[in-house]
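>>> Need coordinates for the below:
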Amino acid sequence: MSKVKVLFVCLGNICRSPLAEGIFTQKVIEMGLSDHFEIDSCGTSNYHIGEQPDPRTIKNALKNGVELNHQGRQFTYADFLEFDYILPMDQSNKRDIERLRPGHERAEALMMRYFDPLDKNANVPDPYYDEEKGFQEVFEILYRSCASLLDFLVKKHLN
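Residues are numbered from 1 along each chain as shown. You can find the predicted model right below:
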């Protein structure tokens, strides 16, 4: 069986998407499903290619027991061909990636908060210009959403 390939997308790939990648990866490991998933994240912009996540994101993740190991990269049209699921953090990210959709893609693009049991129609807020409280709010949103996403993928692909 081939792996389910999941890609998280935000603007710069230093706050929301690497945090989602880290949370989702940890949940996959905890469930013993590492052999079934390939997980990555990227940004729609080229602002932070090759950089580590924002230090505030790393600090918040560690505070919540999640270790991040990612270098920033930019989304490309090839991601539509490589991944099964692409999860943009907000409507702006979704519009940016849809402009690159080649038309013969395999990926399904679903908003990240589609999987949030508390608010399926909201964006994941960008904490970049926020204080520590904003980073914690994003962590909590992504934690819930990643749990629901994993349940969805396990039911759809592993049962």
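>>> Now do the buried residues in the lengthiest helix in the chain.
Counting residues, the longest helix in the chain under DSSP state H turns out to be helix 132-153. With burial defined by 16 or more other C-beta atoms under 10 Å, the residues of helix 132-153 counted as buried are 134-135, 138-139, 141-150, 153. For glycine as for every other residue, the C-beta is placed from the backbone atoms N, C-alpha and C.
>>> give me every residue that touches Q52.
Under the criterion of C-beta atoms under 8 Å, 6 or more residues apart in numbering, the neighbours of Q52 are 14, 58, 68, 70-72.
>>> Give me the buried entries from those residues.
Among the contacts of Q52, those buried by neighbour count (16+ other C-beta under 10 Å) are 14, 58, 68, 70, 72.
>>> Specify which member of those is nearest to Y128.
I14 (7.8 Å; C-beta to C-beta).
>>> Would you mind confirming that D126 makes contact with N13?
No. Using C-beta atoms under 8 Å as the test, D126 is too far from N13 to be in contact (11.8 Å).
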